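1. build me a model from this:
(one chain, ligands or ions: 2)
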Amino acid sequence: MTAPANATDVERTFYDVVIVGSGFGGGTMAYALSRAGLNVLLVERGGWAHRDDTDWNGRAILLEGRYRGESPMAVDQRPDAAPVQSFPNEAVGGNSIFFGGASLRLRAADFARWPIAYRDLERHYSAAEQLLEVHGNAGTDPIEPPRSSPYPFAPPPLTAPARRIFAAAEKLGWHPFQIPVAINHAGAREPKCINCFTCDGFPCRIGAKNDVAQTALAKADPARLSILARTIATRLAVRDGRVVALDVIDRDDGDRRLTVRGKLFVIAAGALATPALMLRSGLDRLDASDAIGRYLMRHCNAMLGFLFPFRTNPEAVNHKQVCIDDFYESVRKTDGTALGVIQDMCMPPPDVVRALGPRGFRWAAYLGAAHIQTLLCIAEDEAQPDNRVSLEASGAVDRWSQPIAAVRHRYTDGDVRRRDQLVAHARRVLRAAGGVAGKVRLIDSFSHAVGTARFGLDPTASVLDRYCRFWALPNLFAVDGSFMPTSGGVNPSLTIAANALRVAEHVTGNFAALTGGVDPRA
Ligand SMILES: Cc1cc2nc3c(=O)[nH]c(=O)nc-3n(C[C@H](O)[C@H](O)[C@H](O)COP(=O)(O)OP(=O)(O)OC[C@H]3O[C@@H](n4cnc5c(N)ncnc54)[C@H](O)[C@@H]3O)c2cc1C
Ligand code: SF4
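-> Numbers count the residues shown, from 1 in each chain. Ligands and ions are numbered 1, 2, ... in the order given. Next up is the predicted model:
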């Protein structure tokens with residue numbers, strides 16, 4: 001494992017590449033660039049996951065926010081309510097630490113409005129599946145796009161709750177398949193997954209989830225990657241048409257302010273924080289598209305819980321195992337989007353259900369939790385210019401005097417219609433599985449945020465070029481979910497990782513030209 005970096009050494013070093021953010025975008029990029037022989041510094045505002053018993057405690061993680069950061073975002077997502085402050089989780093590995101492991105590829109039609117085609121990303125998808133050690137069954141997804149290599153590992157057998165959903169979907173004439181997961185069931189490393197109940201939303205206490213810390217960062221070249229955790233990137237400095245430095249705050253050293261220098265810079269702070277960092281750095285003055293922060297998408301998601309006349313998961317196992325996508329292309333001609341997918345999902349722990357369940361049903365859901373089974377509906381949402389991240393107009397700052405990000409988002413009628421269609425399909429599945437009555441909970445998190453620094457072919461309509469390079473600065477790239485011009489209808493992480501590998505290949509192949517200097521590996 002790569003050793004943590006020391007602040008004094010960091011300030012003295014001139015890095016080949018400085019990366020902000022260690023999630024699927026930044027962590028994967030750090031892996032690929034360090035393995036290609038470049039000297040990389042990875043700056044991450046979160047700390048390392050604790051991986052102790054509390055990491056599997058629902059109250060500590062989901063209610064008390066053990067990993068919640070201290071910089072708020074002002075989120076305006078309801079026309080009838082004032083903006084609320086939200087404090088995103090922070091950790092080395094980004095949201096991969098908390099993700100549910102679902103690792104799906106977009107479909108060829110999802111690339112219709114992208115500057116690249118599915119075939120351009122295909123081999124990088126394969127490489128990302130190898131890197132994240134995805135367990136899946138090729139050829140079982142009824143609308144699977146072409147693949148050049150099989151999954152590295154087969155998934156484990158279906159658990160009892162998942163078998164119930166699988167059989168119900170088959171009864172309806174659909175073609176359910178096992179979700180490909182980045183979870184270590186059969187890989188070479190230890191420990192293996194014990195199929196616990198606190199996976200989606202939680203760090204893996206034993207490290208069996210194939211999050212970015214356990215995979216990309218663990219497989220990076222330790223001699224070439226330095227990781228500066230608990231360090232906040234505040235501003236990129238631009239001189240003579242190039243990024244020359246990054247200002248950071250080292251929280252473990254009394255909030256010491258440092259300047260780190262490098263030849264090439266990569267922002268991968270996530271689709272909410274990346275545009276905020278661009279705006280704090282004044283990059284909007286160099287951007288001809290006025291698209292920084294705009295076109296924020298997050299999927300239009302809902303959870304449908306159904307009451308069953310028996311205990312649905314008496315063995316308390318993780319059963320995020322089944323995906324249904326027969327109807328994925330059903331609105332392509334009318335809406336120009338995918339419809340989306342339905343996935344099996346575990347009920348959160350009972351005290352979390354009581355706190356966060358649908359209003360008016362919290363106690364009922366708490367008392368009946370053992371008899372409820374849920375499905376997650378993930379609908380594609382549309383890119384809207386007014387759905388955006390900006391900086392608080394009031395000039396409000398956080399405790400480090402950094403301007404606070406403001407997030408504004410509204411769904412379109414089409415987004416809601418697609419979500420409701422998926423919920424109707426999910427309702428049929430849960431009824432066919434033996435459920436008697438259901439309740440929908442709309443998901444209002446930004447866990448699938450993408451789109452706020454879209455890539456494209458036209459500098460007046462996109463922030464990044466087709467290799468995710470900032471149009472006006474030859475040595476600045478962005479590789480988290482913000483590059484995506486449409487959200488597609490599947491969970492985003494594998495696409496973000498695959499794209500980071502694609503961009504890394506471009507950077508390593510063109511390093512001297514991009515940095516206007518000499519390739520350090522020559
Ligand atoms: C509970 C949950 C479950 C999910 N399940 C799935 C799933 O099953 N499958 C799937 O595909 N997707 C899933 N997702 C979504 C997936 O996790 C995200 O799409 C993905 O992690 C985004 O990767 P990213 O690289 O864009 O950004 P992130 O993972 O958000 O990484 C950005 C990193 O940048 C850091 N950062 C931000 N600002 C700064 C700064 N100023 N200085 C330094 N560092 C900074 C952040 O702390 C963070 O570590 C889930 C998300 C959540 C929250
Ligand atoms: S289900 Fe497996 S990977 Fe997920 S948290 Fe539990 S042990 Fe870890």
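2. hang on, Phe202 in a strand?
-> No. Phe202 is assigned coil when assessed by DSSP: H, G, I helix; E, B strand; the rest coil, not a strand.
3. ok, it - contacts?
-> With contact taken as Cβ atoms under 8 Å, 6 or more residues apart in numbering, Phe202 is in contact with 55-56, 58, 61-62, 98. All C-beta spots, glycine's among them, are computed from the backbone N, C-alpha and C.
4. from the residues you listed, which land in helices?
-> Among the contacts of Phe202, the residues falling in helices (DSSP state H) are Gly58.
5. tell me the pLDDT at the residue of the chain positioned farthest from its centre?
-> Ranked by distance from the centre of the chain (Cα atoms, centre = their mean), the top residue is Pro309, with 35.7 Å. For Pro309, the pLDDT comes out at 96.
6. wouldn't it be in contact with Ala437 here?
-> No. Counting by Cβ atoms under 8 Å, Pro309 sits too far from Ala437 to count as a contact (10.6 Å).
7. can you pull the residues that touch both of those two?
-> Here Pro309 and Ala437 have no joint contacts, going by Cβ under 8 Å, 6+ apart.
8. is the residue of the stretch 151-300 of the chain found nearest ligand 1 part of a helix or strand, or is it coil?
-> Per Cβ to the nearest ligand atom, the residue of the stretch 151-300 of the chain with the smallest distance to ligand 1 is Gly270, at 3.0 Å. Classification of Gly270 by three-state DSSP places it in coil.
9. residues in contact with it?
-> Residues in contact with Gly270 (Cβ under 8 Å, 6+ apart) are 21, 23, 88, 94-95, 449, 480-482.
10. sorry, back to before: enumerate every residue touching the residue farthest from the centre of the chain.
-> Counting by Cβ under 8 Å, 6+ apart, Pro309 has contacts 371, 434, 436.
11. mind running it again at 6 Å?
-> Residues near Pro309 by Cβ atoms under 6 Å, 6 or more residues apart in numbering: none.
12. and it, backbone torsions?
-> phi -80, psi 20 (degrees, to the nearest 10).
13. kindly report the same for Val43.
-> As for Val43, its main-chain torsions (degrees, to the nearest 10) stand at phi -100, psi 120.
14. which strands and helices lie in contact with the lengthiest helix in the chain?
-> Longest among the helix segments of the chain by residue count, using DSSP H, is helix 413-432. Packed against helix 413-432 by the contact rule (3 or more Cβ pairs under 6 Å, 6 or more residues apart in numbering; DSSP states H and E) you find helix 160-171, strand 300-307, strand 340-345, strand 372-379.
15. rewinding a little: filter the contacts of Phe202 down to the ones close to ligand 1.
-> When contact is defined as Cβ under 6 Å from any ligand atom, the contacts of Phe202 meet ligand 1 at Phe98.
16. mind putting the contacts of Phe202 into a markdown table with neighbour count and pLDDT?
-> Formatted as a markdown table, the contacts of Phe202 follow (neighbours: other Cβ atoms under 10 Å; pLDDT from 0 to 100):
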| residue | neighbour count | pLDDT |
| --- | --- | --- |
| Asp55 | 19 | 97 |
| Trp56 | 19 | 96 |
| Gly58 | 19 | 93 |
| Ile61 | 22 | 96 |
| Leu62 | 19 | 93 |
| Phe98 | 22 | 98 |
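17. I'd like the contacts of Phe202 laid out as TSV, including distance to ligand 2.
-> As requested, those are exported to TSV (distance: Cβ to the nearest ligand atom, whole Å):
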residue	distance to ligand 2
Asp55	9
Trp56	7
Gly58	12
Ile61	11
Leu62	14
Phe98	10
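18. and the pLDDT at the closest residue to Pro142 other than its chain neighbours?
-> Closest residue to Pro142 apart from its sequence neighbours, by Cβ to Cβ, 6 or more residues apart in numbering: His175 at 4.0 Å. His175 carries a pLDDT score of 98 in this model.
19. any idea which element His175 lies in?
-> Element membership of His175, judged by DSSP states H and E, is empty: it is in no helix or strand.
20. the contacts of Gly270: which two are farthest apart?
-> Pro88 and Ser482 (14.1 Å; Cβ to Cβ).
21. of these two, give the one with the bigger neighbour count.
-> Ser482 (33 against 23; other Cβ atoms under 10 Å).
22. what about the more buried one, which SS state?
-> Assigned with three-state DSSP, Ser482 falls in the helix class.
23. would you turn the contacts of Gly270 into TSV with pLDDT and distance to Ala138?
-> Putting the contacts of Gly270 into TSV (pLDDT from 0 to 100; distance: Cβ to Cβ, whole Å) gives the following:
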residue	pLDDT	distance to Ala138
Gly21	98	31
Gly23	98	26
Pro88	97	35
Gly94	98	27
Asn95	98	26
Ala449	98	29
Asp480	98	27
Gly481	98	25
Ser482	98	30
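24. so where do the helices sit in the stretch 401-522 of the chain?
-> 413-432, 493-509, 511-515 (DSSP state H, counting those that start in this stretch).
25. which among those helices is found nearest to Ala216?
-> Closest to Ala216 of the helices of the stretch 401-522 of the chain is helix 493-509 (Cβ to Cβ; 7.7 Å).
26. which residues sit against that closest one?
-> 24-25, 28-29, 32-33, 36, 99, 103, 106, 121, 124-125, 127-128, 467-468, 479, 481.
27. and the average pLDDT for the strand ranked longest in the chain is what?
-> Identified as the longest strand of the chain according to DSSP state E is strand 256-267. Strand 256-267 comes out with an average pLDDT of 97.
28. remind me what the next helix or strand along the chain from that strand packs against, helices and strands.
-> Going down the chain from strand 256-267, the next helix or strand is helix 273-280, by DSSP H and E. Helix 273-280 is packed against strand 388-391, with contacts defined by 3+ Cβ pairs under 6 Å, 6+ apart.
29. switch the cut-off to 7 Å
-> Counting contacts by 3 or more Cβ pairs under 7 Å, 6 or more residues apart in numbering; DSSP states H and E, helix 273-280 packs against strand 231-239, strand 256-267, strand 388-391.
30. can you redo those as a markdown table with distance to ligand 1 and mean neighbour count?
-> As requested, the helices and strands packed on helix 273-280 are exported to a markdown table (distance: least, Cβ to the nearest ligand atom, whole Å; neighbours: other Cβ atoms under 10 Å):
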| stretch | distance to ligand 1 | mean neighbour count |
| --- | --- | --- |
| strand 231-239 | 4 | 20 |
| strand 256-267 | 9 | 22 |
| strand 388-391 | 12 | 21 |
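31. adding distance to Val317, write the ones you listed out as a markdown table.
-> Formatted as a markdown table, the helices and strands packed on helix 273-280 follow (distance: least, Cβ to Cβ, whole Å):
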| stretch | distance to Val317 |
| --- | --- |
| strand 231-239 | 38 |
| strand 256-267 | 39 |
| strand 388-391 | 38 |
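32. flag every residue of the protein that's near ligand 1.
-> 20-26, 43-46, 90, 94-96, 98-102, 200-201, 232-233, 268-271, 273, 277, 447-448, 480-481, 491-494, 496.
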